[in-house]
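Enquirer: Turn this into a structure:
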Amino acid sequence: MAKTATLKAKDVLGKDFTIIDSMSNIKKINAGMKAIYKSIDDMDKKNKDATFADYNAVITEEVVKQVSNLLNLNKEDSEKLSTMSYSEMFDFYSKAVNDFTGMHTPSVRKMQDRIDRAQSATEEDPK
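Expert: From the prediction side, this is the model:
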């Protein structure tokens with residue numbers, strides 16, 4: 001049975017979008033994840049003192065682009081995504097990424113959790 005992900009966008013785009021784990025969607029997700037990680041790497045190279053807000057800005061912008069691409073939206077509808085709930089958009093994209101490919105969409109929250117765990121481990125075993 002096909003795996004699906006649904007973006008409830010009726011209020012913003014006039015309809016909800018359901019996508020399946022087709023090969024074309026998986027290719028788009030793979031390219032999208034590469035673009036997200038490239039944006040993060042570019043941030044690292046440009047700004048040695050990058051903050052979580054800086055990372056959040058590049059991740060957010062790229063996720064919106066990738067949702068637009070995944071849904072085959074035209075320019076006008078792509079611009080409307082900026083008025084939509086980002087958490088709903090991120091949840092949709094993350095579900096598609098995780099369910100269709102097994103990867104996880106990067107987020108500042110996950111970055112912070114990894115830092116907190118690393119710091120806790122260091123405090124427990126200061127070797």
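
Enquirer: switch to C-alpha atoms for all contacts and neighbour counts from now on
Expert: Noted.

Enquirer: Is Gln112 within a helix or a strand, and which one?
Expert: For Gln112, the host element (DSSP states H and E) is helix 108-124.

Enquirer: Show me which parts of that helix are buried, residue by residue.
Expert: Within helix 108-124, the residues that count as buried by 16 or more other C-alpha atoms under 10 Å are Val108.

Enquirer: average pLDDT across it?
Expert: Taken as a whole, helix 108-124 carries a mean pLDDT of 78.

Enquirer: This protein: helices as residue ranges?
Expert: In the chain, the helices defined using DSSP state H lie at 10-13, 23-46, 52-70, 75-80, 86-101, 108-124.

Enquirer: Which of those sits closest to Met1?
Expert: Closest to Met1 of the helices of the chain, according to C-alpha to C-alpha: helix 86-101, at 12.1 Å.

Enquirer: tell me which residues in the closest one are buried?
Expert: Quick answer for helix 86-101 (16+ other C-alpha under 10 Å): Met89, Phe90, Phe92, Tyr93, Ser94, Lys95, Ala96, Val97, Asp99, Phe100.

Enquirer: Nearest to Met43, out of the residues you listed: which one, please.
Expert: Of all those, Phe90 has the smallest distance to Met43: 20.1 Å, by C-alpha to C-alpha.

Enquirer: quick one: contacts for the closest residue to the closest one other than its chain neighbours?
Expert: Nearest residue to Phe90, sequence neighbours excluded (C-alpha to C-alpha, 6 or more residues apart in numbering): Val63, at 6.9 Å. Residues near Val63 by C-alpha atoms under 8 Å, 6 or more residues apart in numbering: Gly32, Ile36, Phe90, Tyr93.
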